[in-house]
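Visitor: have a look at this prediction, sequence included:
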Amino acid sequence: MSDERKKRLAEERRAALEYLALKALAGKKNVIAALYDYLVENASPSQAAKAHGIQKTQLKSTAYQLLSKARAPLVAKLLKLAYPYLMEVEPLVEDNYCKACQTIIHTNHAEPHIAVKHQDIIKKTAMEIEEKIKQEILRRKKLAAGVRSA
Ligand SMILES: [Zn+2]
């Protein structure tokens, strides 16, 4: 793989993970779960949306935004790998309160608030998830190598 292509893929991966990290920090785990059903499990958008109690149009626009960050096969692969870690992310805004700036933020406004005020936390969360994915891939490779040599 050329350096140029590697760099582009790394940028796409980071952009997609930051978008997913923002959703997780905003407490939108149901949206992430619906995205998973739709983009990883290939459920229909209406099935996926209904299963997680969101609107089909919301799921489609979120998927569209996510797919504008990185190409579709990469998004599906990342979402599959990142899913358990995204679900572990502690929401930044809960009960109308932002834990980072310790001010009252309506939970409905959590996502734009975090996107504007807490880019550093989004980046940090995405980087941590990326690191966990790398560790997991390494673990699987070692496991596979162990199986082959046995
Ligand atoms: Zn805040």
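Guide: Looks like it arrived, so ask away.

Visitor: quick one, what contacts residue 66?
Guide: Applying C-beta atoms under 8 Å, 6 or more residues apart in numbering, we find residue 66 in contact with 16, 19, 20, 35, 39, 75. The C-beta positions use only the backbone N, C-alpha and C, and glycine is treated the same way.

Visitor: let me have those in CSV, extended by neighbour count and pLDDT.
Guide: Formatted as CSV, those follow (neighbours: other C-beta atoms under 10 Å; pLDDT from 0 to 100):
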residue, neighbour count, pLDDT
16, 23, 98
19, 20, 98
20, 28, 98
35, 26, 98
39, 22, 97
75, 23, 97
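
Visitor: tell me the residues of this protein that contact the ion?
Guide: Contact residues (C-beta under 5 Å from the ion) of the chain with the ion: 98, 100, 101, 117.

Visitor: residues in contact with the first one?
Guide: Right, residue 98. 92, 104, 105, 110, 113, 114, 117.

Visitor: show me what contacts the fourth one?
Guide: In this case it means residue 110. 25, 26, 27, 91, 92, 93, 98.

Visitor: tell me the buried residues within these.
Guide: Listed as buried from the contacts of residue 110 are 25, 26, 27, 91, 92, 93, 98; burial here means 16 or more other C-beta atoms under 10 Å.

Visitor: apart from its neighbours in sequence, what residue is nearest the third one?
Guide: With C-beta to C-beta, 6 or more residues apart in numbering as the criterion, residue 27 has its nearest non-adjacent residue at 3.5 Å, and that residue is residue 91.

Visitor: helices of this structure, start to end?
Guide: Using DSSP state H, the helices found in the chain span residues 3-25, 29-35, 45-51, 56-67, 72-88, 110-117, 119-149.
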